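>>> Return atomic coordinates for the entry below.
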Amino acid sequence: MVSYRQLLSTVESVLMGPEALPHERAELMHILGECLPDFKKFLEYPGPRAADRTQVLSKEVRLPNSPPTILDDQDVQIALKLSDDLNLNEVDSVSLLVAAHQEWGLLGREPLEILRLSAGLWFAERRALITTLYTLLRAVVLDEGHENDLVADIHSYLEELFTSGLRQRLITIIKELNREEPAGSGGPQADRYVLDSRGALVQRYNVAQRERLGLSQCLVLSLLIVRIKSQEAKDILSLLKDCAADANDFQSIVKVQIAYTVLFGLVIPLVSDALSGPQDTSVSVIASDNAFRREFQGTVMATVNDVTVEGFMDIVRLAWAVFMMFTSDGSFAVVTSSGSQASDAMNIRLCLERACVKNAFKFILVRVLRTAAFQVCFAILMF
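Next up, the predicted model:
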C-alpha cells in the first residue's frame, strides 16, 4: 500500500512546483491509479474483530507481506488501546505501531508517548489523503498554469470518484468526526491527545475539527466538478443545520469556518444550476426533479428554534429563491398547511419574505464575512 504522505509528496511536486516533466506527470497518474480504491473508500478502515484481537493477544501477528511479528506485553497493550481509541482493526493497529517505531525509533520511550506518537502518525496519514484530494480539486477548479492534458486527466479521475459516491462519503465523515466516539473525535475512554510530527501535544478534538474543515472545503470544490444530485442537496442541507448549531460559539474559528463552508457548498450549486436555466436539464439534475423541489421547499421553509441556524437558513432561502426564479416552468406546486397548492411565484415570495424580514444580508455580513474566521486566508488554515 502506498503511504498517503508519499502520495501527497508526489502530487505536490507535480501540481505545486515548476512545470512538471512528462515522466513526472506519468508517475502522478500511475500513483493516482494505484490509490483509486483508497479514494473510493475514503478514510474507511476495517474495524475490530474478535479473531484479530485474539491473534494480538497471542503476541504473534502475521502482517501482510511480512514475517510473523513478535510482540511483548507493552506492544499488545498499546496496539489494543490504539484499536479501541481509533476504532481500528487490531492487526492494523499492530501495523501502525510498527510504522511508528520505524518513523520515530520508539525503543525505550514511555508507553503513553508511544501511543500518542502512533496515533499522531495515523492522523498524519489521514491528513495527507485529505490534502491530496484538496490539491487535486484545486488543480482543476482554481489553479492556473497547468497543462491542459494533465488537468483533463485529473478532472476525469475526480469525476469518476464523485459519480461513484465520494461526495456522499465526505458528508458522512464530516458528521461522524463531530461525534464523541472512536470513529469520530474520540470516545469517553479514548486518550484526548496525540503527538504530531513536531512532537507537539495536540488535542484530538482539534485534529478532528481541522479534518472536518478540510473535508468541507473538498465538498465545496467537488460541486464544481460534478453537479449536485437531489439526495446530496438534502444531505448537505441537513449537514448545514448541524454545523450551524455547532457554530453558536463564535469564539471557535474552525467551527464557524466549517459552517459557512458547508453553506457555500449548498449556495454555489443552487446558483450555478439556476444560471443553467430551465431548458438545460442535461446540466442541472435537481432543476427537473419536481419531487425534490416540493420536498426541499418544505424543508427550507420549516422554522428552526435556533437563531444561528435560522440565520444560515435565511441565506439558503435566498439562494433557493434565485434557483426557483431561473428554473421555474410552472410545473410544480407545494401543498400548504391549509391544503391549497402554492405556485412557483408564491414559493419564491415566501422565501424572499422570510429572508428579508430576518435580514439575511445583515446576518451574512456580520456573522460570516466580518468574522475572524472568514478574514483569515483559507490557505493558511488548511491544517
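>>> What separation is there between the nearest residue to residue 171 once chain neighbours are set aside and residue 311?
Once its chain neighbours are removed from consideration, residue 171 has its nearest residue in residue 235; the separation is 5.1 Å (CB to CB, 6 or more residues apart in numbering). The C-beta positions use only the backbone N, C-alpha and C, and glycine is treated the same way. Computed as CB to CB, to the nearest Å, the residue 235 to residue 311 distance reads 21 Å.
>>> The two: which has the busier surroundings?
With neighbours defined as other CB atoms under 10 Å, residue 235 and residue 311 compare such that residue 311 has more, 22 against 17.
>>> circling back: what are the contacting residues of the helix or strand that contains the residue nearest to residue 171?
Residue 235 is part of helix 230-246, with elements assigned from DSSP states H and E. Applying CB atoms under 8 Å, 6 or more residues apart in numbering, the set of residues contacting helix 230-246 from outside is 167-168, 171, 174-175, 178, 216, 219, 228, 255, 258-259, 262-263, 265-266, 269-270, 285-286, 289, 291-292, 295-296, 299-300, 304, 306, 308-309, 311-313, 316.
>>> and residue 89, what are its phi and psi?
phi -60, psi 140 (degrees, to the nearest 10).
>>> Give me the local confidence score for it.
We have a pLDDT of 97 for residue 89.
>>> so it makes contact with residue 83?
Yes. With the criterion set as CB atoms under 8 Å, residue 89 and residue 83 qualify as a contacting pair; they are 6.9 Å apart.
>>> joint contacts of the two?
Common neighbours of residue 89 and residue 83, using CB under 8 Å, 6+ apart, are residue 48.
>>> In the stretch 1-150 of the chain, where is pLDDT below threshold?
When residues are selected by pLDDT under 70, those of the stretch 1-150 of the chain lie in 1.
>>> show me where it has helices.
4-15, 22-34, 36-40, 50-57, 73-86, 90-104, 111-141, 148-163 (DSSP state H, counting those that start in this stretch).
>>> Show me the contact partners of the shortest one.
For helix 36-40, the external contacting residues (CB under 8 Å, 6+ apart) are 1, 2, 4, 129, 133, 157, 160, 161, 164, 165, 166.
>>> what about 6 Å?
Helix 36-40 is touched from outside by 161, 164, with contacts defined as CB atoms under 6 Å, 6 or more residues apart in numbering.
>>> next one: the second one
The set of residues that contact helix 22-34 without belonging to it, under CB under 6 Å, 6+ apart, is 2, 7, 10, 14, 150, 153, 157.
>>> now the residue nearest to the fifth one when sequence neighbours are not counted: how far from residue 17?
This points to residue 150. The shortest distance from residue 150 to any non-neighbouring residue, by CB to CB, 6+ apart, is to residue 25 (5.5 Å). To residue 17, residue 25 is 12 Å away according to CB to CB.
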